[in-house]
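In: Give me a 3D structure for the following:
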Amino acid sequence: MLLTPAYAADAPPDPPWEGLTVAGIFGANASGKSNVIDALEYMTSMVRRSFRESEPGGGIERYPFALDPAMADEPSSFVVDVLIDNVRYTYGFALDDVRILEEWMFSYPKKRRRIIFQRRGDEYTYGDHSPEAMRQAEQLTEPNVLFLSVGVRSKQRVLLPVYSWFQDIEWRTSRDIEFRFLSRERWSPEISLDRLTDLLRAADTGIEGAVLVDESEAEYSARVGSQRRRTMEGADPPRRKRLYFQHRGADGTAALSLKEQSTGTQSLYRLARPAFVALDRGTPFVVDEIDSSLHPFLTAQLIRLFRDPATNPRGAQLVFTSHDVSLLGRIQGEEILRRDHIWFTEKDDCGATELFPVSEFKPRRDENRERRYLAGRYGAVPVVNDELFVAALASREDSGDVAENS
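Out: Numbering: from 1, shown residues only. Coordinates of the predicted model:
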């Protein structure tokens, strides 16, 4: 994404990337931080899955603003501006409950706009440089399906850079809370187990090593037999591997599964794997509530991996939400987030979310942003009614006393 730097003086010398590599979104509870993430996740889902999952004439599942009935019939619009291999692209679409109303893709190979395609209802137009074969994909595109999703599957290579950008985003959000055990197929070959173990050891988790163990013969037989009964397929699946971490105990080393680790260790593990993938590929990594179950020191270290050109030479981008205001300050004297890394969300009187950067307040480079945020200088803090809060707590305690005495 084109997260444009606001303060060139804050940037590291001669960074190998053009855009910002970190964006942290802060705000009160229910201020809409996750909505920002959800919008990008919805757009990604439409790009990747609309061709497979949208039935002809089946309409489109979407989530219009629920607090204003007048908005229910208004179209929903989504746009991204991305830089891929030094070429800027703009891609977007607008839709309602029934169909795609508009869709467009432009590129800027020489700083001038070049139309790749434009779609308005059933009408399509193409740029002078767009291949003639793209018109074949037009015939296959249902009204409730994105042309990008269809065109890529019909081998229109001009569309592939933008599609791949969506496909390569790494996610850790509320929709991604179910953990699946490590298997041979899912373990990325570019991420060594030693690399992951080194990170967990450095985080003082008590882990000294890790091993992959094949499932037992009994487990394998039971699973294969169950799959054969369901699918009637003759080929046996590969044997699964389970991950165990080695801890130093009183009588030597003990092996514990991931489920037996602390919540913090599990959170760090789930963050570390996609973070390594994003850093190696130079792709975005989107995290909702990055500080969940993590000490601020560890969150700061993860952010540093994306800030430092030495560990992020390909320009991977970390976009996250957080309640941890200590990330706005310093840890051990070092600034965690630059001024142009910080964004806030705030709801208006009608419940609509506004997203705005701290740079709107023209902060000084050396000002204490953590203190100013807690003092309400940037907004985006909860307005707590002390009397109602105390009254609610008191009434709950009274109810408990009545229940106990009855």
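In: So the spatially most central residue of the chain: helix, strand or coil?
Out: Among the residues of the chain, the one closest to the centroid is Val286, at 2.1 Å (CA atoms, centre = their mean). Secondary structure assignment for Val286 (DSSP: H, G, I helix; E, B strand; the rest coil): strand.
In: And it, how far from Val36?
Out: Distance of Val286 to Val36, computed by CB to CB, to the nearest Å: 10 Å. Every C-beta, even on glycine, is put in place using the N, C-alpha and C of the backbone.
In: what do you get for Val213?
Out: 40 Å.
In: just checking, Ala6 is part of a strand?
Out: No: in this structure, Ala6 is coil, not part of a strand, as judged by three-state DSSP.
In: okay, now it: neighbour count?
Out: Ala6 sits with 16 neighbouring residues when counted by other CB atoms under 10 Å.
In: low-scoring stretches of the chain, by residue?
Out: The chain contains residues with pLDDT under 70 at 1-2, 174-191, 226-235, 385, 389, 395-406.
In: Now do the SS call for the closest residue to the residue nearest to the centre of the chain other than its chain neighbours.
Out: Leaving aside its sequence neighbours, Val286 sits nearest to Val319 (CB to CB, 6 or more residues apart in numbering; 4.9 Å). When classified by three-state DSSP, Val319 comes out as strand.
In: Same check on Trp104?
Out: strand.
In: Check whether it really touches Tyr89, as I assumed.
Out: No: counting by CB atoms under 8 Å, Tyr89 is not a contact partner of Trp104; they are 10.7 Å apart.
In: ok, back up a step: so for Val213 and Val36, which sits in the more crowded spot?
Out: Each of Val213 and Val36 has its neighbours counted (other CB under 10 Å); Val36 has more, 20 against 12.
In: so where do the helices sit in the protein?
Out: Shown for the chain, the helices assigned by DSSP state H span residues 33-53, 134-140, 147-153, 160-167, 193-202, 217-231, 263-281, 296-307, 369-374, 386-405.
In: got the contact list for the residue nearest to Asp73 when sequence neighbours are not counted?
Out: Taking CB to CB, 6+ apart, and ignoring the residues beside it in sequence, Asp73 has Asp96 as its nearest neighbour in space, at 7.4 Å. Asp96 is in contact with 60, 62, 73, 75-76, counting by CB atoms under 8 Å, 6 or more residues apart in numbering.
In: Mind doing that once more with 10 Å?
Out: By CB atoms under 10 Å, 6 or more residues apart in numbering, the residues touching Asp96 are 59-60, 62, 64, 72-76, 144.
In: Quick check, Thr90 in contact with Phe78.
Out: No: look at Thr90 against Phe78 with CB atoms under 10 Å: they stay out of range, at 11.7 Å.
In: re the thing from before, hang on, the residue nearest to the centre of the chain packs against Leu318?
Out: Yes: using CB under 10 Å, Val286 makes contact with Leu318 at a distance of 8.2 Å.
In: Now do the shared contacts for these two.
Out: Taking CB under 10 Å, 6+ apart as the criterion, Val286 and Leu318 both touch 23, 170, 278.
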